[in-house]
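Engineer: pasting the structure only:
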C-alpha cells in the first residue's frame, strides 16, 4: 500500500486562515506526505522521524520543516507530543517579503530540508524552555482566534503567526543553536541565486552575498550540497526552465529568461539534466 497524501484543500477550507495549527499526541504513524509545507514543533517527549529513506531522533524543543511531496512518518518512543503548522504560502494574506530577508527563515524552510535529504542529522533548531513557552503561546493564540472568530480574529491570528515565524527565524542564527555559520552563509548564497538566476551572475557575486571568499564559498557548497556553485546555479536555472516550458513558452524565450544566453547551450544542458531536448519535453509536459 502506498503512502497516503494529505491535501491542503482538505485541511484549510474556504474562509479559513492560510495557516492551521494541529496538535497531536503523536503515535507511531504510517508513511504519508502532503502537498503543502509543514512546520513541526515538538512540545514534549521524543521519537524517531523517518524522512524519505533517512531517520533521526526528535525531542522536546525541536523545530523543523517538511517540504511538500516528502514521504515521512513518526515512531514514538516516549509520549511524543507535536504541533503541525500547515502553511499556504500562496495566500495573499501572508505578506512575508521582509521576513524572507532573514537568513534563518530561508535556512529553516529551504536549506535545512534540502540538506536533510542527504543525511540523517537531527533538526538543527532546538528551542530553549523559555522560547518554547513563547512559541506555544503564539500557537495557542492562533488556534483560539481561529476557533472563536471574534471581530478582528484574522488580524489577531495572523499577527501571532508573523511573530512566531520571526522568532524562530531569528533564533536560527543565535550562537547557542547547533546550526553552523556555514549553514547561514549557504542560505545567503542560495537566496542570492534564487533572486538573480535570470541574469548573468558570477561566482564572485554569489559568494559576495555571504561576505566570504570565493574559496570559502566553493568549499561550503561542496561540503553541504555536494555540488559546485556553477553546478547548483545550472540546476536552479534548469528547474525554472521546466516550469516555463510547462507553460508552453518558446524555447529561446525560456533560455533567456532563465539566464542562458545561448539557446544551443541551454538545449545541451537541459538534455543532460532530463534526457530530452527542451522542445520534446515541452510537448510532453505542457499544461493543458
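Structural biologist: Structure received. Predicted model, so just to flag it, every value in this text is computed and none were measured.

Engineer: can you list the domains in the chain?
Structural biologist: As given by automatic domain parsing, the domain ranges for the chain are 4-171, 231-285.

Engineer: closest one to residue 181 among these?
Structural biologist: With CB to CB, the closest approach to residue 181 among these belongs to domain 4-171: 10.3 Å. To be clear about C-beta, it is placed using only N, CA and C from the backbone, and glycine gets the same treatment.

Engineer: how long is that closest one end to end?
Structural biologist: 33 Å (CA to CA, to the nearest Å).

Engineer: mean confidence for that domain?
Structural biologist: Taken as a whole, domain 4-171 has a mean pLDDT of 86.

Engineer: buried sites along the longest strand seen in the chain?
Structural biologist: Longest strand of the chain, by residue count under DSSP state E: strand 72-87. By 16 or more other CB atoms under 10 Å, the buried positions in strand 72-87 come out as 72, 73, 74, 76, 80, 81, 82, 83, 84, 85, 86, 87.

Engineer: Would you agree the second one is in contact with residue 29?
Structural biologist: Right, residue 73. Yes. With contact defined as CB atoms under 8 Å, residue 73 reaches residue 29; the gap is 4.8 Å.

Engineer: re earlier: would you tell me which one of the buried residues of strand 72-87 comes nearest to residue 2?
Structural biologist: For those, the nearest to residue 2 is residue 73 (12.8 Å; CB to CB).

Engineer: partners of the closest one in the sheet?
Structural biologist: Note on residue 73: beta-bridge partners by DSSP bridges are residue 50.

Engineer: that older thread, output the domains of the chain as JSON lines; include the columns distance to residue 190.
Structural biologist: Putting these into JSON lines (distance: least, CB to CB, whole Å) gives the following:
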{"stretch": "domain 4-171", "distance to residue 190": "6"}
{"stretch": "domain 231-285", "distance to residue 190": "8"}
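
Engineer: Which one of those domains lies nearest to residue 223?
Structural biologist: So among these, domain 4-171 is nearest, using CB to CB, at 10.3 Å.

Engineer: what about the closest residue to residue 116 other than its chain neighbours, neighbour count?
Structural biologist: Residue nearest to residue 116 in three dimensions, not counting chain neighbours: residue 51, with 5.9 Å by CB to CB, 6 or more residues apart in numbering. Residues near residue 51, counting by other CB atoms under 10 Å, number 20.

Engineer: list the contacts for residue 51?
Structural biologist: 66, 70, 72, 116, 117 (CB atoms under 8 Å, 6 or more residues apart in numbering).

Engineer: please redo it, this time with the cut-off set to 7 Å
Structural biologist: 70, 72, 116 (CB atoms under 7 Å, 6 or more residues apart in numbering).

Engineer: can you tell me how far the second one sits from residue 192?
Structural biologist: Residue 72 sits 30 Å away from residue 192 when distances are taken as CB to CB, to the nearest Å.

Engineer: same check, this time on the first one
Structural biologist: For residue 70, the distance to residue 192 (CB to CB) stands at 25 Å.

Engineer: can you check residue 203 too?
Structural biologist: Applying CB to CB to residue 203 and residue 192 gives a distance of 11 Å.

Engineer: Repeat that for residue 58.
Structural biologist: In terms of CB to CB, residue 58 sits 31 Å off from residue 192.

Engineer: Same drill for these two, tell me which one is more crowded.
Structural biologist: A direct count of neighbours by other CB under 10 Å for residue 58 and residue 192 places residue 58 higher, at 23 against 17.

Engineer: Now that one: closest residue in space that isn't a chain neighbour?
Structural biologist: residue 49 (4.9 Å).

Engineer: give me the number of residues near residue 202?
Structural biologist: 11.

Engineer: same deal with residue 43?
Structural biologist: 20.

Engineer: Now do the contacts for the closest residue to it other than its chain neighbours.
Structural biologist: Among residues not flanking residue 43 along the chain, residue 81 sits closest, at 4.5 Å (CB to CB, 6+ apart). The neighbourhood of residue 81, defined by CB under 7 Å, 6+ apart, consists of 25, 26, 43, 44, 45.
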